[in-house]
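Trainee: What follows is a predicted structure for the sequence shown.
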Amino acid sequence: RKEVEQDPGPFNVPEGATVAFNCTYSNSASQSFFWYRQDCRKEPKLLMSVYSSGNEDGRFTAQLNRASQYISLLIRDSKLSDSATYLCVVSLNTGTASKLTFGTGTRLQVTL
Amino acid sequence: NAGVTQTPKFRILKIGQSMTLQCTQDMNHNYMYWYRQDPGMGLKLIYYSVGAGITDKGEVPNGYNVSRSTTEDFPLRLELAAPSQTSVYFCASSYTVRYNEQFFGPGTRLTVL
């Protein structure tokens, strides 16, 4: 089983649609969780951290279920500019540093 | 602030050549990381550093070496380049361990022929 597994893309949605991405992780000791966004041929950039209580940032909502080891990202009112690959990232502190484990990403294509 | 900068942006190497990928950050971050990203794969950690003079292996360190003489710089050295090292290399930095929000450089696209 992969350490971090994501929905296989690509997701093709019309502008204005709501889309949800799911992610599961295998190490129950994982402590921090993130969604990163990566545009084509660019570096990953932090989209949002994911907290146990869930959190929202504008059109983006992230949820964490520690019992099920499941993370989700909901994008409402999709824009063309949301087209990118979304990486689910899980962090485990090793004492002196944190080990980030990246999912392979889910590609989103928003169309007119 | 420039953030994390990497040079070169692109490089083609012949098998057996060596090179150094440069990484610099101006955010005074203690923690720095090198990743590689292969097509369709998640980023894999090569080496990391928790401060000047301290480095440690990540998940895929074979064929690479690093040094950290200053807080700002974290170069990655490839000795005896092999086709399997064809990849996109990202350098990243973070300020804290606890929440570990990492900031990435623009990447170096390396091809070994």
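Mentor: Good, I have the coordinates.

Trainee: Can you report how many residues neighbour the closest residue to B:Phe10 other than its chain neighbours?
Mentor: Residue nearest to B:Phe10 in three dimensions, not counting chain neighbours: B:Arg109, with 4.9 Å by C-beta to C-beta, 6 or more residues apart in numbering or on different chains. The C-beta positions use only the backbone N, C-alpha and C, and glycine is treated the same way. For B:Arg109, the neighbour count with other C-beta atoms under 10 Å in any protein chain shown is 15.

Trainee: Mind telling me what element B:Arg109 is part of?
Mentor: Here B:Arg109 sits within strand B:108-112, counting by DSSP states H and E.

Trainee: What mean pLDDT does that strand get?
Mentor: Averaging pLDDT along strand B:108-112 gives 97.

Trainee: same deal with stretch B:20-28?
Mentor: 96.

Trainee: who in chain B is up against chain A?
Mentor: Taking C-beta under 8 Å from any C-beta of the partner chain, the part of chain B that reaches chain A is made up of B:31, B:33, B:40-43, B:45, B:48, B:50, B:56, B:58, B:90, B:94, B:97-107.

Trainee: Which entries within those meet the buried criterion?
Mentor: Among the residues of chain B next to chain A, those classed as buried by 16 or more other C-beta atoms under 10 Å in any protein chain shown are B:31, B:33, B:42-43, B:45, B:48, B:50, B:58, B:90, B:94, B:97, B:100-107.

Trainee: Grab the nearest non-local neighbour of the residue positioned nearest the centre of chain B.
Mentor: Among the residues of chain B, the one closest to the centroid is B:Trp34, at 2.9 Å (C-alpha atoms, centre = their mean). Counting by C-beta to C-beta, 6+ apart, B:Ile46 is the residue found nearest to B:Trp34 once chain neighbours are left out, at 4.4 Å.

Trainee: quick one: the one you found is in a helix?
Mentor: No. Applying DSSP: H, G, I helix; E, B strand; the rest coil, one finds B:Ile46 to be strand, outside a helix.

Trainee: Return the distance of the helix or strand where the residue nearest to the centre of chain B lies from the chain's centre.
Mentor: Per DSSP H and E, B:Trp34 falls inside strand B:31-37. How far strand B:31-37 lies from its chain's middle: 4 Å, per C-alpha atoms, centre = their mean, to the nearest Å.

Trainee: again, but for stretch B:27-42
Mentor: Mean-position distance between stretch B:27-42 and its chain equals 6 Å (C-alpha atoms, centre = their mean).

Trainee: Which is the succeeding secondary structure element to the lowest-mean-pLDDT helix or strand in chain A?
Mentor: Ranked by mean pLDDT, DSSP states H and E, the helix or strand of chain A with the weakest confidence is strand A:98-102, at a mean of 85. Beyond strand A:98-102 on the C-terminal side, the first helix or strand identified by DSSP H and E is strand A:106-111.

Trainee: For that following strand, buried residues please.
Mentor: Buried residues in strand A:106-111, counted by 16+ other C-beta under 10 Å: A:Thr106, A:Arg107, A:Leu108, A:Val110.

Trainee: Pull up the pairing partners for it, direction included.
Mentor: Strand A:106-111 pairs in its sheet with strand A:11-14 (parallel), strand A:84-93 (antiparallel), by DSSP bridges.

Trainee: The first one - what's its average pLDDT?
Mentor: Looking back up the chat, that one is strand A:11-14. On average, the pLDDT along strand A:11-14 is 96.
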